[in-house]
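Asks: Sharing a model that was predicted from the sequence below.
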Amino acid sequence: MRFHTRKWVKPQDLNPNGTLFGGQLLAWIDEELALYSIVQLENPKVVTKHMSEINFKSSARQGDIVEIGIDVVKFGTTSLVLKCAVRNMMTREIIITIDHTTMVNLGEDGKPKPHGKTKIEFVKDRLL
């Protein structure tokens, strides 16, 4: 799994227990999956359609740095299915896993549109 983004857990990210609020973590994940999909599908109009079971395994505290990792599960006709894991960078403990998130490529009309992609592409390879 490639870990793409790091987030620093700040006081405003905490729940009343003094640990990272799950809703904040899910917002970070959803944003990162959307950005990853936008880059892969070369379209700024991408939405989250579905997330499979979300499994919280541990937590993070103020001052911790968490890393968000993403792998492609499959390319659909209009979608991209991703899996995600978030780990505590200091302890390497997994905080959360999500096995399948479906991101859908949209056309100008806001409806699913075929993207024509079949494999992961890296931006550096497109620039050559």
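Replies: Structure received.
Asks: Check the protein for its longest helix and report it.
Replies: Ranked by residue count, the top helix of the chain under DSSP state H comes out as helix 22-41.
Asks: Read off the pLDDT value for Lys7.
Replies: pLDDT for Lys7: 98.
Asks: meant to ask about Lys124, not that
Replies: Reading off the confidence values, Lys124 has pLDDT 64.
Asks: separation between the residue most central in space within the chain and Thr78?
Replies: Per C-alpha atoms, centre = their mean, the C-alpha nearest to the average position across the chain is that of Leu33, at 3.0 Å. Applying C-beta to C-beta, to the nearest Å, the value for Leu33 to Thr78 is 16 Å. Using the backbone N, CA and C atoms, a C-beta is placed for each residue, glycine as well.
Asks: rewinding a little: quick check, the residue nearest to the centre of the chain in contact with Val72.
Replies: No: Leu33 lies out of contact with Val72 (C-beta atoms under 8 Å); the separation is 10.8 Å.
Asks: which neighbours do those two share?
Replies: With contacts defined as C-beta atoms under 8 Å, 6 or more residues apart in numbering, the residues shared by Leu33 and Val72 are Leu82.
Asks: How many residues are close by the nearest residue to Ala60 once chain neighbours are set aside?
Replies: Closest residue to Ala60 apart from its sequence neighbours, by C-beta to C-beta, 6 or more residues apart in numbering: Leu20 at 4.3 Å. Using other C-beta atoms under 10 Å, Leu20 is surrounded by 27 other residues.
Asks: All good on my end, thank you.
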